[in-house]
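>>> quick one, structure for this:
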Amino acid sequence: MNKFERQDSADQTTLPDDLAHELSHITTEVIEISDAPSLAPRAPLTPDEVRTILMSLLLTMFLAALDQTIVATALPTIGRQFNDVSNLSWVITAYLLASTAVAPVFGTLSDIYGRRVMITVSLTMFTVGSILCAVAPNMPVLILARGLQGLGGGGIMPVVQTVISDVVSPRERGQYQAYFSGVWMAAGLLGPVLGGVFAEHLHWSMIFWINVPLALGALALLLPKMGKIPVFHRKRKVDWLGGVLLMGSAVVVMLVLTWGGNRYLWLSPVILSMIGASVALAFAFVWHANNADEPFLPLSLMRGPIAPYAMTAGGCALGAITGLTVQLPLYYEVVYHLSASEAGLALIPIAAVSTCGAAIAGKTMSRAKHYKRVAVVGTSMAVVFGTVLTVTTLPLWGFLIVLALFALGLGTTFPVSVVSLQNSVARAQIGTVTGAMNFFRSLMSSFTVAAFTAILLMALGADISLAGEHRGSVNSIPVADMISAFRYVFGAATALLALGAVCMIAMEERPLAGPATPPAEMAE
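Numbering: from 1, shown residues only. Below you'll find the predicted structure:
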C-alpha cells in the first residue's frame with residue numbers, strides 16, 4: 001500500500017461516538033461584528049484608576065442612600081408651605097415605590113446596553129428629578145418629581161454594584177462591599193440631621209439642590225474611566241412585557257405594605273383586592289418568564305445551590321436591621337425616656353457596628369478559603385444576642401452593648417451574600433441577578449417594617465403613630481407594656497437571623513477568583 005492509499009484510509013476512519021456527538025452540537029450561528037468580543041484585551045486598570053472609579057461609585061451610592069432619609073425631617077415644613085398635610089406621606093412613598101420597582105429593570109438593562117449607558121441614565125433621571133423637586137410649586141408636582149427621582153435612585157444601586165463586579169475580582173470584592181455598607185450608615189445618620197438643618201435654617205428645597213453638584217461631580221469622575229472598564233454586556237431583544245409585569249406586581253405589593261393597617265384595614269376589600277391583583281401579576285410574570293425565549297428576568301438564575309439562599313439570607317438581615325431601626329426610637333423614648341434626638345443617637349450602635357461586621361467579613365473573604373464561615377458564625381452570634389434582647393430587660397448601657405453585638409453578627413451577611421451571588425452567574429448576567437437581589441431586599445425591608453408595626457399594634461392594642469404630632473398617645477403607654485410588646489419584635493428579628501443562618505449553612509461555597517491577599521497598592 002502506497003502512502004496515498006494509507007492517507008485515504010486514514011481519512012475514512014470513523015470518529016469516536018462521544019467526539020462526534022460533541023462536534024455536532026457546535027453552534028454555527030453567525031453574529032454581527034459589532035457583537036463580537038474584542039480580539040485584543042483591554043489595558044488593565046491602574047490602582048489609581050480603580051480608586052477613582054470606586055470613589056465616584058461611593059459618591060453615587062451616597063446620593064441614592066441619602067435621599068431615602070434626608071426628606072423625612074423636612075416633611076412638616078413642606079406640608080406647611082403647601083398647606084397640604086394629608087398627602088405628605090406620598091413624598092416618601094413615591095420614591096420608595098419607584099426605586100423598588102425599577103431595581104431589576106436597570107440591572108437587566110445594564111447587561112444589555114452596558115454599565116456606562118445605564119449609570120448615565122440613572123444619574124440623569126435622579127438629577128432632573130431633584131431639580132423638579134426643588135422648584136415644585138405644589139404637592140402633586142413634588143410627588144411626581146419624587147417618583148422620577150426614585151426611578152433614577154433605584155437604578156443607581158444595582159448598576160453601581162455591577163460596576164464593582166466588573167472592576168474588582170470576587171475575592172477582593174467583599175471588602176469593597178463593606179465600604180458601601182459604610183456609605184449607607186453615613187447616609188442614614190446624616191440624612192435626618194441635614195434635612196432638619198436645611199428646613200429650619202435655609203430652605204427645604206436645599207435637600208434637593210444639594211444633589212445636583214454631587215451628581216455632576218460623580219459623573220465627571222466616573223465617565224472618563226468607564227471606557228477602560230471591561231465590557232461583559234450582550235445586546236439582545238428586551239422583554240418589555242416581562243419587565244412591566246414585574247414592576248406592576250412590585251408596585252402593588254409595596255402599596256399593600258404601605259397602606260395595610262394604616263390607611264385601610266388588612267382585611268378591607270381594598271387591601272384584599274390589591275393582594276389578589278399582585279398575586280395575579282406575579283403568576284403572569286412567572287408564566288411569561290417560563291415561556292419567553294429571552295425573559296427579562298430568567299427564573300433559572302433564581303434557582304440552584306446559591307442564589308435562593310444568598311438572596312434570602314441578605315433579605316433577612318436587611319429586613320431585620322431596617323425594621324429595628326424604624327421601631328427602636330419608640331422603644332428608647334418610652335422605656336428609657338430619651339428625647340427624640342437622643343433616640344436618634346442611640347441608633348448609632350446598630351448602624352455603625354453592622355458596618356464593622358461587613359468590613360470583617362469582607363477582609364476575611366479576601367484571605368480565607370472557606371469564606372462562608374464568617375457569615376455562619378456572625379448570623380449565629382446575632383441569633384444568640386437577639387435571644388438575649390428577647391428574654392431579658394437590660395439597662396440602657398447593657399442594651400446598647402447587646403444590640404451592637406447583634407448588629408456585628410448581622411453585618412457579616414451582606415458582603416458574603418452579595419459576592420457569592422455575583423460569583424455564581426456568568427459575567428453577562430451579573431447586572432440581572434444584582435438587580436433582582438436589590439429588588440428582593442427592598443421588598444423584604446418593606447415587609448419587615450409593616451410586620452413589626454403590626455406586631456406592636458397587636459401586642460399593645462393601641463393605635464401607634466410615629467408622627468411627631470401624635471407622640472403624646474405613644475408616651476402614655478406603660479413602660480411594662482412597651483417592654484412586653486417589643487419582646488415579640490426582638491423575637492421576630494431573631495427568627496429572621498436564624499433563617500439567615502440556616503441559609504448560609506445550606507448555601508454552596510464556590511471558590512472565588514482573584515488573589516488570596518490584595519496587592520499592597522490596592523490595600524492602601
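
>>> if we ignore the residues flanking it in sequence, what's nearest residue 219?
residue 123 (5.7 Å; CB to CB, 6 or more residues apart in numbering). Heads up, the C-betas are built off the backbone N, CA and C, glycines and all.

>>> quick check, the one you found in contact with residue 152.
Yes - shown here, residue 123 and residue 152 form a contact pair, counting by CB atoms under 8 Å, at 6.5 Å.

>>> report the buried residues of the helix or strand hosting the residue nearest to residue 219.
Element membership of residue 123, judged by DSSP states H and E, is helix 115-134. Buried residues in helix 115-134, counted by 16 or more other CB atoms under 10 Å: 115-116, 118-123, 125-134.

>>> show me what secondary structure element comes after that helix.
helix 139-167.

>>> with adjacent residues omitted, what lies nearest to the spatially most central residue of the chain?
What sits nearest the mean C-alpha location of the chain, by CA atoms, centre = their mean, is residue 438, with 3.7 Å. Spatial nearest neighbour of residue 438, excluding adjacent residues (CB to CB, 6+ apart): residue 103 at 4.1 Å.

>>> report pLDDT for residue 25.
For residue 25, the model assigns a pLDDT of 45.

>>> again, but for residue 218
Taking residue 218 on its own, its pLDDT is 82.

>>> where's it, which helix or strand?
helix 211-226.

>>> show me what that helix is packed against.
Counting contacts by 3 or more CB pairs under 8 Å, 6 or more residues apart in numbering; DSSP states H and E, helix 211-226 is packed against helix 47-66, helix 115-134.

>>> any idea of the angle the last one forms with helix 139-167?
So that's helix 115-134. Inter-element angle recorded for helix 115-134 and helix 139-167: 160 degrees (by axes from the mean of the first three to the mean of the last three CA atoms, to 10 degrees).

>>> sorry, back to before: check contacts around the residue nearest to residue 438.
When contacts are counted by CB atoms under 8 Å, 6 or more residues apart in numbering, residue 103 touches 154, 155, 157, 158, 435, 436, 438, 439, 442.

>>> just flag the most distant two among the residues you listed.
155 and 436 (13.9 Å; CB to CB).

>>> more neighbours, the two?
residue 155 (30 against 24; other CB atoms under 10 Å).

>>> residue contacts, that one?
By CB under 8 Å, 6+ apart, the contact set of residue 155 is 102, 103, 105, 106, 118, 119, 121, 122, 125, 126.

>>> same check, this time on residue 221
Counting by CB under 8 Å, 6+ apart, residue 221 has contacts 52, 53, 55, 56, 59.

>>> ok, those vs residue 298, which is closest?
Once CB to CB is applied, the member of those that ends up nearest residue 298 is residue 53, at 28.4 Å.

>>> just the pLDDT at that closest one, thanks.
For residue 53, pLDDT reads 79.

>>> and it, how many neighbours?
Neighbours of residue 53 under the rule other CB under 10 Å: 23.

>>> and the gap between it and residue 223?
10 Å (CB to CB, to the nearest Å).

>>> and the protein, what are its domains?
For the chain, automatic domain parsing gives the domain ranges 44-234, 239-294, 297-513.

>>> least reliable of those domains going by mean pLDDT?
Note on the domains of the chain: domain 44-234 shows the lowest mean pLDDT, a mean of 79.

>>> help me confirm that residue 267 is found in a strand?
No - counting by DSSP: H, G, I helix; E, B strand; the rest coil, residue 267 falls outside a strand, being coil.

>>> tell me how many other residues crowd it.
When neighbours are defined as other CB under 10 Å, residue 267 has 8 of them.

>>> could I get the phi/psi values of it?
Residue 267 adopts backbone torsions of phi -100, psi 20, taken as degrees, to the nearest 10.

>>> what does residue 260 give?
phi -60, psi 130.

>>> got it, and the one 10 residues further on?
The phi/psi pair for residue 270 (degrees, to the nearest 10) reads phi -60, psi -50.

>>> buried set for stretch 338-356?
Within stretch 338-356, the residues scored as buried using 16+ other CB under 10 Å are 338, 343-344, 346-347, 349-356.

>>> separation between the residue lying closest to residue 357 once chain neighbours are set aside and residue 179?
Nearest residue to residue 357, sequence neighbours excluded (CB to CB, 6+ apart): residue 411, at 2.5 Å. Distance of residue 411 to residue 179, computed by CB to CB: 13 Å.

>>> ok, residue 73 next?
For residue 73 relative to residue 179 (CB to CB), the value is 26 Å.

>>> of those two, who's got more company?
Applying other CB under 10 Å to residue 73 and residue 179 shows that residue 73 carries more neighbours, namely 23 against 19.

>>> quick one: that one and residue 190 touch, right?
No - in this structure, residue 73 is not within contact of residue 190 by CB under 8 Å, at 11.3 Å.

>>> can you list the buried residues in stretch 197-205?
Residues of stretch 197-205 classed as buried by neighbour count (16+ other CB under 10 Å): 198, 199, 204, 205.

>>> what does it contact?
Residues outside stretch 197-205 that contact it (CB under 8 Å, 6+ apart) are 73, 74, 76, 77, 78, 81, 133, 134, 135, 206, 207, 210.

>>> can you give me the end-to-end span of that stretch?
This stretch, stretch 197-205, spans 12 Å end to end (CA to CA, to the nearest Å).

>>> by contact count, what packs against whichever strand or helix holds residue 278?
Using DSSP H and E, residue 278 sits within helix 269-291. Contacts defined by 3+ CB pairs under 8 Å, 6+ apart place helix 269-291 against helix 240-259.

>>> report the angle between the helix it packs on and helix 269-291.
Using the same axes, to 10 degrees: helix 240-259 against helix 269-291 is 150 degrees.

>>> and helix 240-259, C-alpha only, in PDB?
Only the C-alpha atoms of helix 240-259 are listed here, as PDB (Å, rounded to 0.1, in the frame of the first residue of the first chain):
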ATOM      1  CA  TRP A 240     -40.600  44.700  28.000                       C
ATOM      2  CA  LEU A 241     -43.700  42.800  28.800                       C
ATOM      3  CA  GLY A 242     -41.900  40.800  31.400                       C
ATOM      4  CA  GLY A 243     -40.400  44.000  32.900                       C
ATOM      5  CA  VAL A 244     -43.800  45.700  33.100                       C
ATOM      6  CA  LEU A 245     -45.400  42.600  34.800                       C
ATOM      7  CA  LEU A 246     -42.600  42.500  37.300                       C
ATOM      8  CA  MET A 247     -42.800  46.300  38.100                       C
ATOM      9  CA  GLY A 248     -46.600  46.100  38.300                       C
ATOM     10  CA  SER A 249     -46.600  43.400  40.800                       C
ATOM     11  CA  ALA A 250     -43.900  45.100  42.900                       C
ATOM     12  CA  VAL A 251     -45.800  48.400  43.000                       C
ATOM     13  CA  VAL A 252     -49.000  46.700  44.100                       C
ATOM     14  CA  VAL A 253     -47.100  44.800  46.800                       C
ATOM     15  CA  MET A 254     -45.400  48.000  48.100                       C
ATOM     16  CA  LEU A 255     -48.800  49.800  48.200                       C
ATOM     17  CA  VAL A 256     -50.300  46.900  50.200                       C
ATOM     18  CA  LEU A 257     -47.400  47.000  52.700                       C
ATOM     19  CA  THR A 258     -47.700  50.800  52.900                       C
ATOM     20  CA  TRP A 259     -51.500  51.100  53.300                       C
END
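
>>> which residues sit against that helix?
So helix 240-259 is in contact with 89, 93, 96-97, 100-102, 104-105, 108, 270-271, 274-275, 277-278, 281-282, 284-285, 288-289, 292, 295-297, 439, 443, 446-447, 449-450, going by CB under 8 Å, 6+ apart.

>>> contacts only, for the spatially closest residue to residue 481 that is not a sequence neighbour.
Using CB to CB, 6+ apart and skipping the chain neighbours, the partner closest in space to residue 481 is residue 460 (6.1 Å). Residues counted as contacts of residue 460 (CB under 8 Å, 6+ apart) are 477, 481, 482, 485.

>>> alright, calling it a day.
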